[in-house]
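# Requesting a structural model of the entry that follows:
(chains A, B and C)
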Amino acid sequence: MMAFYFSRLVEIFPFFLKGLWMTSQIAFISLATCTVLGFVLGILRSGKNKLIRWIIGVYVSFVRGTPFVVQVFIVFFILPEWGIQLKAFQAALLAMAIMGSAFICEIVAGGINAIPKGQWEAGTASGLSLVQQLRLVIVPQAMKVILPPLVGQYVLLIKDTSVVSVIGVMELTRVGWVTVVRIPEGLMVFSLVGILYFVISYPLILLSNYLERRMAV
Amino acid sequence: MIEFKHVNKWFGKLHVLDDVNLEIDKGEVLVICGPSGSGKSTLIRCINRLEPIQEGEIVVDGVPVHDKATNLTKLRADIGFVFQQFHLYPHMTVLQNVMLAPVNVRKIPSDKAEEIAREKLIQVGLTDKAGAYPAQLSGGQQQRVAIARGLAMSPKIMLFDEPTSALDPEMIGEVLDVMVNLVSEGMTMCVVTHEMGFARKVADRVLFMDMGKIVETGKPDEFFDNPQTHRAADFISKILTH
Amino acid sequence: MLADFNFRIIFEYLPLFLEGLRSTFFISIVSIFLALITGIIACACRISPFKLLKYPAIAYIEIIRSTPLLVQIYFLYFGLPTLGVRVPEIQTGIIALMLNSGAYIAEIIRAGITSVDDGQIEAGVSSGLNYLQRMRFIILPQAIGATVPPLLGQSIVLVKDSALLSLISVMELTRVGQTMTSERFMPAEAFFTVAFFYMCIYFCLKALADWSQKKLIFREAY
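Numbering: from 1, shown residues only, chains lettered A, B, ... in the order given. A predicted model of the protein is given here:
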């Protein structure tokens, strides 16, 4: 029986590849969005304006304090009530962007705050504008602190894309879920799903470990 | 008391101890100096086998240190070691730092061990700090606690690895004073240091190392005033000028 | 939109929410406890010199860390019955959370142990303390201090992760929100209430983590 199911699984393997492709798309788009948004928010959060810092702080606390699956439900079920119609794929990307940029914002703010005040002062003293100070002096140094946890966060974000399967986006986990109804070999089906996730996230884990070792010196 | 016979040691390709032969007598005070990377710290770290050696033999009080059958616990319990960076246990009070090994290695009952510990703290001039944590002490005080920690085991030998190099200048004196007192009690000591004043005052012998070799040995006054080799003369002129 | 917020229905469902909250508490506490044990064992194997212990531990940790928790949950939920193991969903969920957090905790403990300065070990060696004594008196007390804040951080993650058990119909906090949504179709009321309860747990644990960060980390003073 197992051999039979295995050959069925091989037959529908292209279906899994489609799921992998969808997962990669969501991951890639949201990683890019989250990085840009996260850096902007992180720089603002480490800035001087108290109101902006407070607003971002509330947003970050909300995201960090609630499960991602609840956030997905909020985006998917509540926005339409308020008149914003989203397809599942769009809702998934929006939820990922909201969640991911909050975590990246904290990493970036942490990295910038780790730079001694003297570096800002040296920048000011040599007549650099605020943006120049950030771009030429602060951010390049902060990258050393930011990069290892950032790559670690990417791994978490890729894995979190599995949660958007709950609103019906046909990505890898959803493909597994749909398949297991027809091929009742849970271990086999979800091992395959697991392996496909492993293939994309493990290289990033290795990269993150490597960066951590290198940046520690 | 301590004997090195043709000791060789490599860190990878680097020859850190190059055919070292040395004898240290009971009650002798030996000062070891030399440029950084010369192997002087490695030399004393071999005495209690913090470092392995590849060739030769080290015998301490009749015990071959690098023999497999040697009871290392016993050997190390009899040798006090003071580190450049103190390495006090940050989660324990001063008193607990000093008592830890007597209670757990020597198996001395804790009330007796506390008595010994307090006595040693008096000896290093820290009567009122027994309940403090290391982070609450100055560098000089921490190093004196570290010395008391070594002494509490009633060691036969005390080894000092640059005990004053991590200290602010104004604290060096208080640590050296404690060490000078130890000398007057007849302790066998090996001290890696560049403190010339200390060496002149109490050392029986000064040993100069460079690139893993013992280059020169002599009485302190002879060594500092009239070095026999270029390398030693060069080194002395450098530590004098700063 | 806030004007439409129906507090009456929240009060109507409040007993159910509290029941869900209790269930989330129960699942989290049991799972974190089991995960701690799993993590300690996995870490002990991971740092042991025996290859037969070390490599399986590495495989376990790396597999868990590179696959999503939801996939691990489905793996057990759909997989255990094919092995003939039939347990209630809540137990499946707790096992999944235990295995998942256990791997992260193993790495947290390992980082705590390696964070203890080598000089501390040398100081212990020099005064003749043996391996077990060094572990007990010098390394573990300091490692535990360094480990508590990230362990509390992992507890926060675990509480939030337990929300995924709603997807295998475990009646916990998030599931209550789903139930209310399908019965009354008031998703805003349902999920903002759910979010509120999670935030309460989050702020308590976060305060505890920040406090322990200040209190428990011993630094070698130079």
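# Next one: residue B:50 relative to chain A, how far apart?
Residue B:50 sits 24 Å away from chain A, taking C-beta to the nearest C-beta, to the nearest Å as the criterion. For glycine as for every other residue, the C-beta is placed from the backbone atoms N, C-alpha and C.
# which SS class is that residue?
coil (DSSP: H, G, I helix; E, B strand; the rest coil).
# if I look at it, how far off is residue A:80?
Note on residue B:50: its distance to residue A:80, by C-beta to C-beta, to the nearest Å, is 69 Å.
# Which one's more surrounded, the two?
In terms of neighbours (other C-beta atoms under 10 Å in any protein chain shown), residue B:50 is the more surrounded of residue B:50 and residue A:80; the figures are 19 against 13.
# Now the more buried one: phi and psi?
When quoted as degrees, to the nearest 10, the phi and psi of residue B:50 stand at phi -70, psi -20.
# Same question for the one 5 residues further on.
For residue B:55, the backbone dihedrals (degrees, to the nearest 10) come out as phi -140, psi 150.
# Helix, strand, or coil at the nearest residue to it once chain neighbours are set aside?
Closest residue to residue B:55 in three dimensions, ignoring its sequence neighbours and counting by C-beta to C-beta, 6 or more residues apart in numbering or on different chains: residue B:8, at 3.8 Å. Following three-state DSSP, the label given to residue B:8 is strand.
# contacting residues for residue B:8?
If a contact means C-beta atoms under 8 Å, 6 or more residues apart in numbering or on different chains, then residue B:8 has B:15, B:17-20, B:53-56 as its contacts.
# mind redoing it with 10 Å?
Listed by C-beta atoms under 10 Å, 6 or more residues apart in numbering or on different chains, the contact partners of residue B:8 are B:15-20, B:53-56, B:212.
# likewise residue A:191?
Taking C-beta under 10 Å, 6+ apart as the test, what residue A:191 contacts is A:176, A:185, A:198, C:67, C:71, C:75, C:79.
# quick one: which of these has the most company?
Neighbour counts for those peak at residue A:176, which has 26 neighbours (criterion: other C-beta under 10 Å).
# what helix or strand is that residue on?
Assigned by DSSP states H and E, residue A:176 belongs to helix A:172-182.
# How about that helix, which residues are buried there?
A:172-180 (16 or more other C-beta atoms under 10 Å in any protein chain shown).
# does stretch B:185-203 come close to chain C?
No. Figure legend: stretch B:185-203 not in contact with chain C (C-beta under 10 Å from any C-beta of the partner chain); closest approach 13.4 Å.
# Between the two ends of that stretch, how far is it?
From the first residue to the last, stretch B:185-203 extends over 14 Å; the measure is C-alpha to C-alpha, to the nearest Å.
# again, but for stretch B:116-136
Termini of stretch B:116-136 sit 23 Å apart (C-alpha to C-alpha).
# Likewise for stretch A:163-179?
So stretch A:163-179: terminal residues 17 Å apart, C-alpha to C-alpha.
# tell me the mean pLDDT for it?
Mean pLDDT, stretch A:163-179: 94.
# Now residue C:68, what are its backbone angles?
With angles defined as degrees, to the nearest 10, residue C:68 shows backbone torsions of phi -70, psi 150.
# Contacts only, for it.
By C-beta under 10 Å, 6+ apart, the contact list for residue C:68 reads A:23, A:156, A:158-163, A:165, A:172-173, A:193-194, A:197, A:201, C:74, C:100, C:164.
# again, only this time at 8 Å
Contact criterion C-beta under 8 Å, 6+ apart gives A:159-163, A:173, A:197 as the residues in contact with residue C:68.
# and what of residue B:65?
The neighbours of residue B:65, taking C-beta under 8 Å, 6+ apart as the test, are B:46-49, B:58-59, B:75.
# Give me the buried subset of the residues you listed.
The neighbour-count test (16+ other C-beta under 10 Å) applied to the contacts of residue B:65 identifies B:46-49, B:58-59, B:75 as buried.
# and of those, the nearest to residue C:117?
The shortest approach to residue C:117 among those belongs to residue B:48, at 18.7 Å (C-beta to C-beta).
# Was I right to think the closest one contacts residue C:126?
Yes. With contacts counted by C-beta atoms under 8 Å, residue B:48 reaches residue C:126, the gap being 5.9 Å.
# okay, and the common contacts of these two?
Shared contacts of residue B:48 and residue C:126 (C-beta under 8 Å, 6+ apart): B:76, B:79, B:81.
# count of residues packed around the nearest residue to the last one once chain neighbours are set aside?
The shortest distance from residue B:81 to any non-neighbouring residue, by C-beta to C-beta, 6+ apart, is to residue C:126 (3.9 Å). For residue C:126, the tally of surrounding residues (other C-beta under 10 Å) stands at 25.
# What residues does residue C:126 make contact with?
Under the criterion of C-beta under 8 Å, 6+ apart, the contact partners of residue C:126 comprise B:48, B:50, B:76, B:79-81.
# Which one of the residues you listed is nearest to residue C:195?
For these, the closest approach to residue C:195 (C-beta to C-beta) belongs to residue B:50, at 55.9 Å.
# mind checking how far the closest residue to the closest one other than its chain neighbours is from chain A?
Spatial nearest neighbour of residue B:50, excluding adjacent residues (C-beta to C-beta, 6+ apart): residue C:122 at 5.9 Å. Counting by C-beta to the nearest C-beta, the separation of residue C:122 from chain A is 21 Å.
# ok, and residue C:122, which helix or strand is that part of?
Residue C:122 belongs to helix C:118-126 when elements are defined using DSSP H and E.
# how about the helices in chain A?
Per DSSP state H, chain A has helices spanning A:2-11, A:13-45, A:50-65, A:68-73, A:79-81, A:88-113, A:117-125, A:130-132, A:139-160, A:172-182, A:186-216. These are given in chain order.
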